[in-house]
Every structure is written in structure tokens, then in C-alpha cells.
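> Generate coordinates for the sequence data below:
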Amino acid sequence: MGIRIVQLGTPRSPGEGLRLGTVRRPPRGVPKSEFASRDFYDTWLPNLAPSAELMALGQAAQDEKSWNTFRRKFTAEMKQPDASHVLDLLAAMSHQTSLALGCYCENEARCHRSVLRELLAARSARFDD
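Okay, here's the model as predicted:
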């Protein structure tokens, strides 16, 4: 039981559980009926994705200073009640069931997934990976 942090579109691990897409937009060119079967996500949670403006800032981050600016601003977005409540729920659920959270980015270290991992860890979430 616990949360796995994954890249959407990659093969699922055994016992991964429900895969949640924490992305602003669904995958391009993929019919909605195929999101799960093509290993993108079972359920879409766009409120755990950076705002469009902030996503552009994160993708453009080339150095630690600009990445830290993104991290700080994304953390502030995740303190908003809607996102914060979902993070609380996921952290609590991680002690009862298996879940996976994902985004399309290849490098987790330069993806909002790394910040979500930290925010969930601060809420005592259990992780599988």
C-alpha cells in the first residue's frame, strides 16, 4: 500500500493501484476511452497540476534559482483549499490502498511531481517507491 510517483504513459507496476493524472491537459491524440488502457491515468486531477502560467515557468527553469522560484510558487498554489484538501485525502488514503500519481515529464526532479511528493510526505503519506 502507498503512493507511487510515475511518468504517465509508462507501463504500470504490479499492484500500482489507481493511477491519477496530475496534469493540466489530457494526453493529445488519445481518445478518452483509452486513457487507462494506454497507461496514462484512470482519473484526472487537474487541480494538482500547476496553473498554465506556472507550468510555463517550470518548463523554462534552466537553473536552480528559477526551479526554486517555480517550487515556491507551486507550493503556494497547493496551499489553496481545493488542492490542500485533495492532498490531505491522498495522504490518508495512502495508508489504506495503493495509488499512483503522475505527469508526462521524464525527469521527476524537474517536474511538479517532486513537489507533490514532498507535500504528501509532509502529510505523512506512505510511499511504495
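
> and stretch 94-109, which residues are buried?
Going by neighbour count (16 or more other Cβ atoms under 10 Å), the buried part of stretch 94-109 is 94, 98-105, 108. In short, each C-beta sits where N, CA and C put it, glycine included.

> Check stretch 4-11 too.
4-6, 8.

> between the buried residues of stretch 94-109, which is nearest Ala61?
Cys105 (11.7 Å; Cβ to Cβ).

> I figured Leu119 hits Met78, correct?
Yes - using Cβ atoms under 8 Å, Leu119 is in contact with Met78, at 5.6 Å.

> Give the intersection of the neighbour lists for the two.
Common contacts of Leu119 and Met78 (Cβ atoms under 8 Å, 6 or more residues apart in numbering): Leu87.

> Contacts only, for Leu8.
19, 21, 23, 27, 39-41, 102-104.

> TSV please, covering those residues and showing secondary structure and distance to Trp67.
Formatted as TSV, the contacts of Leu8 follow (DSSP: H, G, I helix; E, B strand; the rest coil; distance: Cβ to Cβ, whole Å):
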residue	secondary structure	distance to Trp67
Arg19	strand	26
Gly21	strand	23
Val23	coil	19
Pro27	coil	25
Asp39	coil	27
Phe40	coil	26
Tyr41	coil	25
Gly102	strand	20
Cys103	strand	15
Tyr104	coil	18
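
> Check what contacts the helix or strand of the chain with the lowest mean pLDDT and list those residues.
Across the helices and strands of the chain, mean pLDDT, DSSP states H and E gives its lowest value to helix 52-60, namely a mean of 91. Here helix 52-60 makes contact (Cβ under 8 Å, 6+ apart) with 24, 49-50, 66-67, 69-70, 73-74, 77, 110-112.

> picking that back up, go through the buried residues of stretch 4-11 and flag which are in helices.
When DSSP state H is applied, the buried residues of stretch 4-11 are split such that none fall in helices.
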